[in-house]
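Participant: model the following, please.
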Amino acid sequence: MHSVNKYGLKRDIPASVKREVRQKYGFGCIICGSAIIEYDHFDPPYREAKEHDPEGITILCPQCHSKVSRGIWSREKVFAATESPKCLEDGYTSEIFDIGGSHPTIKFGGVTLSNCEIPVQISNIDLFKIQKPEKPGAPFRLSATFFDQEGKQTLRIEENEWVADSDNWDLETKGPRIIIREALYDIHLIIRAMPPKGIAIERMKMRIHNHFVEGDEETLTIYDPNAGSMNFTNYLVDNCKIGLSIG
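Facilitator: Sure, this is the predicted structure:
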């Protein structure tokens, strides 16, 4: 694959253009809604493009992208989908976490929680809930809810399927990570998949009723209006019905 086309245009699309395209189409494949995406120059095709114009770029999942590139699907199908993107019609984009047959571990900032039915509960809200497999050989079922700094829900997990609202300011999937931004340079959530063992919340800034939760890969800080600031670093919780309960 050539690194430049006949006009000397490199394949690398600037981050600002990618973000504009993601925002325009609701952060997922315009045909099927998957959050795992690739960028596609559709008007004109990359070989004829002289610039990375966000008006001529769209997003497709690898499977849909391959069907178009191989000629199984037509370019007309892509043009039609840009007029009614799947994620904007549904109001969300989604994908599946690979959770295995063993009880998943949750890394919540500076706290690691194992073998907990409800790993984290704040303000009487179960941020995480883990259910046993429905049948032998099936995976454990992880559910969770995440909020932004104003207390608005931005992403939820429903029995291993994660669903992110299309009205987020920005959502990006990058390798095993889901990154949600509230504004430029303002990341409110990073979730890293750890298949098949669980997930890690590597960054968070969330308001849950009157509690504010902030954390990175090493620390977790919870601001409680009654108890003040609580800090957790290298904190391990194992074999509890409720792992961490605040408020």
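Participant: buried stuff in the longest helix anywhere in the chain?
Facilitator: The longest helix of the chain (DSSP state H) is helix 15-25. Buried residues in helix 15-25, counted by 16 or more other C-beta atoms under 10 Å: Lys18, Arg19, Val21, Arg22, Lys24, Tyr25. Yep, even glycine has a C-beta here, placed from its N, CA and C like the rest.
Participant: show the subsequent helix or strand relative to it.
Facilitator: Counting by DSSP states H and E, the next helix or strand C-terminal to helix 15-25 is strand 38-41.
Participant: so who does the residue most central in space within the chain touch?
Facilitator: Central residue of the chain (C-alpha atoms, centre = their mean): Ile178, 3.3 Å from the mean position. By C-beta atoms under 8 Å, 6 or more residues apart in numbering, the residues touching Ile178 are Ala35, Leu155, Trp162, Ala164, Leu171, Glu172, Leu189, Ile190, Ile191.
Participant: ok, now with 6 Å
Facilitator: Neighbour list for Ile178: Ile191 [criterion: C-beta atoms under 6 Å, 6 or more residues apart in numbering].
Participant: same deal with the one 4 residues further on?
Facilitator: Listed by C-beta under 6 Å, 6+ apart, the contact partners of Glu182 are Asp148, Trp169, His188.
Participant: I figured the first one hits Leu155, correct?
Facilitator: No - under the criterion of C-beta atoms under 6 Å, Asp148 lies out of contact with Leu155, with a separation of 9.5 Å.
Participant: still on that earlier bit, who does the longest helix of the chain touch, helix- and strand-wise?
Facilitator: With contacts defined as 3 or more C-beta pairs under 6 Å, 6 or more residues apart in numbering; DSSP states H and E, helix 15-25 has these neighbours: strand 57-60.
Participant: which residues are in contact with the strand it packs on?
Facilitator: The contact list for strand 57-60 (C-beta under 6 Å, 6+ apart) reads Val21, Tyr25, Cys29, Ile30, Ile37, Glu38, Tyr39, Asp40, His41, Phe42, Thr82.
Participant: what is the burial count for Glu55?
Facilitator: 10 (other C-beta atoms under 10 Å).
Participant: nope, Cys61 is what I meant
Facilitator: Using other C-beta under 10 Å, Cys61 is surrounded by 21 other residues.
Participant: I'd say it and Ile30 touch.
Facilitator: No - with contacts defined as C-beta under 6 Å, Cys61 does not count as touching Ile30, sitting 9.3 Å away.
Participant: what's Gly71 sitting at in phi/psi?
Facilitator: Backbone torsions for Gly71, taken as degrees, to the nearest 10, come to phi 90, psi 10.
Participant: distance of it relative to Asn5?
Facilitator: Going from Gly71 to Asn5 by C-beta to C-beta, to the nearest Å gives 20 Å.
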